[in-house]
Each structure stands twice: as structure tokens, then as C-alpha cells.
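Novice: Model the following, please.
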Amino acid sequence: MAKYIKPLCKICRKYGIKLYLKGKRCESDKCAVDPRRGKVRLIRPKKMSEYGLQLREKNKVKIYYGVMERQFKRYFEIAKKHKGVTGEILLQLLERRLDNVIYKANFAYSRKMAKQLINHGHIIVNGKKNDRPGYLVEIGDVIQIKPTSKCIKMIKDCIEEYKTRPRCLWFKVDEDNLKIEILRYPDRSEVSIPVDEQLIINLYSK
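Specialist: Residues are numbered from 1 along each chain as shown. Coordinates of the predicted model:
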């Protein structure tokens with residue numbers, strides 16, 4: 001699991017966007033970059049070189065999805081071997097991570113919580129327990145919460161709290177049975193983080 005020692009709100013202020021690292025706090029007016037707080041003090045970046053901009057963009061995406069350098073580079077190598085636009089495929093792979101799907105389905109308040117649900121054996125994929133947060137979901141996969149899980153009430157509370165949040169269209173959620181069915185792969189337009197993936201590709205292509 002990706003672990004960050006720095007204060008999480010300070011990371012969001014550094015990049016000037018919500019990275020949703022603290023769950024419910026990020027949805028409240030206590031968020032460090034929420035305009036409802038009035039004047040938001042963002043950390044002004046110093047004048048950067050081209051390499052610095054590329055590195056900043058890569059780190060922003062890594063933190064958002066909760067992956068470390070070795071994992072991120074592996075996703076890039078996989079994306080490079082696929083036909084199509086490498087940057088779009090890279091983001092698609094990150095969106096297909098099991099922990100991201102659990103979070104986007106509103107089964108968890110944050111990706112960190114989604115990782116914990118998976119690591120502790122609360123998630124079943126295609127009838128088998130899956131404890132790998134980085135598992136890449138495929139079309140037709142069925143994900144559900146273990147029926148005997150002690151976290152079911154907490155998950156239902158999360159679904160109820162986030163019921164007004166826009167839903168992803170590339171998977172279907174059965175809230176009553178706590179089940180997710182993957183319908184297709186996500187499009188580039190369905191990636192919520194503002195990112196220039198070409199800067200990341202240029203960084204790794206050197």
C-alpha cells in the first residue's frame with residue numbers, strides 16, 4: 001500500500017486540486033482546497049524546468065491513485081506495449097485498479113479505505129476472494145462484498161452518504177446486493193483528475 005508521510009492536506013494544496021486523500025473530510029468545507037472556506041492558501045510552485053513539470057505531473061497521478069514508483073513504471077511499460085495512445089491507456093489501467101473501482105462505486109470513503117477492505121479479505125471477484133488492490137478488472141468481472149463481512153453496515157452508510165455523487169458509466173452497481181459488474185473499459189473523458197498525460201510519457205521516453 002502506498003504510504004505518504006507528509007500531511008495529506010498539504011499535498012493537495014501543493015498541487016492546487018483535490019486528490020481525495022482524506023475521505024469524508026475532502027467532501028466537507030474543511031478541505032484545504034475547498035472554495036467554501038473563502039480564501040484558499042495554495043502553495044505556489046517555484047518556476048520549473050520542463051523536467052520539473054513532467055515530474056510534478058507524474059507524482060500528482062501517483063498520489064491520486066495511491067501507487068508507488070515501481071508500480072507506476074510497470075503500468076507505463078504495459079501501456080507502451082498496447083496499441084493506441086500510450087497516455088490514455090496508462091490512465092485507463094490506473095482507473096481499472098480494483099481499489100479505484102471500489103472507491104468509485106461509493107463502497108469506500110477513500111482509496112485508502114478501499115485498499116484496506118481488499119487487503120482484509122472483504123472483496124470477492126468472480127466468486128473468489130481477492131486481496132490485491134492493484135488487480136486490473138476485466139470486462140464481465142463481478143465484484144461483491146463478502147456476505148459475512150463485518151463492514152457491510154459501514155459500506156451501506158457510505159453508499160447512502162454519496163448517493164448524489166455522479167456515477168461511472170463503465171460499470172454497473174447493484175446497491176442492494178453490494179455488487180459491481182464491469183461493462184466496459186473507461187474512456188479518457190471518464191478520468192476525473194486533471195492531468196496532461198503527455199508530460200508523463202515524455203518523462204519516461206527520455
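
Novice: Can you pull out the low-pLDDT segments for this structure?
Specialist: Applying pLDDT under 70 to the chain flags the ranges 1-16, 18-46.

Novice: residues of the longest helix along it that come out buried?
Specialist: Counting by DSSP state H, the longest helix found in the chain is helix 50-65. Buried residues in helix 50-65, counted by 16 or more other C-beta atoms under 10 Å: 54, 57-65. C-betas here are computed from N, CA, C, even on glycine.

Novice: Just put the residues you listed in JSON lines and tack on distance to residue 121.
Specialist: Shown next, in JSON lines, are the buried residues of helix 50-65 (distance: C-beta to C-beta, whole Å):
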{"residue": "54", "distance to residue 121": "38"}
{"residue": "57", "distance to residue 121": "35"}
{"residue": "58", "distance to residue 121": "32"}
{"residue": "59", "distance to residue 121": "31"}
{"residue": "60", "distance to residue 121": "31"}
{"residue": "61", "distance to residue 121": "28"}
{"residue": "62", "distance to residue 121": "26"}
{"residue": "63", "distance to residue 121": "26"}
{"residue": "64", "distance to residue 121": "26"}
{"residue": "65", "distance to residue 121": "22"}
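
Novice: Among these, which one sits closest to residue 188?
Specialist: Looking at those and their distance to residue 188, the nearest is residue 61, at 13.4 Å (C-beta to C-beta).

Novice: hang on, isn't the closest one packed against residue 191?
Specialist: No. Look at residue 61 against residue 191 with C-beta atoms under 8 Å: they stay out of range, at 9.5 Å.

Novice: so what's the closest residue to residue 165 other than its chain neighbours up against?
Specialist: Closest residue to residue 165 apart from its sequence neighbours, by C-beta to C-beta, 6 or more residues apart in numbering: residue 106 at 6.3 Å. The neighbours of residue 106, taking C-beta atoms under 8 Å, 6 or more residues apart in numbering as the test, are 158-159, 162-163, 165, 173.

Novice: do residue 125 as well
Specialist: With contacts defined as C-beta under 8 Å, 6+ apart, the neighbours of residue 125 are 98, 135, 137, 141-143.

Novice: Try it again at 7 Å.
Specialist: 135, 141, 143 (C-beta atoms under 7 Å, 6 or more residues apart in numbering).

Novice: Residue 117 versus that one, what's the distance?
Specialist: Noted for residue 125: a distance of 12 Å to residue 117, by C-beta to C-beta, to the nearest Å.

Novice: Can you tell me the element the residue of the chain positioned farthest from its centre falls in?
Specialist: The C-alpha centroid of the chain is most remote from residue 47, which lies 28.5 Å away (C-alpha atoms, centre = their mean). When elements are assigned from DSSP states H and E, residue 47 belongs to no helix and no strand.

Novice: Relative to residue 204, how far out is it?
Specialist: Residue 47 is 23 Å from residue 204, by C-beta to C-beta.

Novice: Out of the contacts of residue 106, list just those in strands.
Specialist: residue 173 (DSSP state E).
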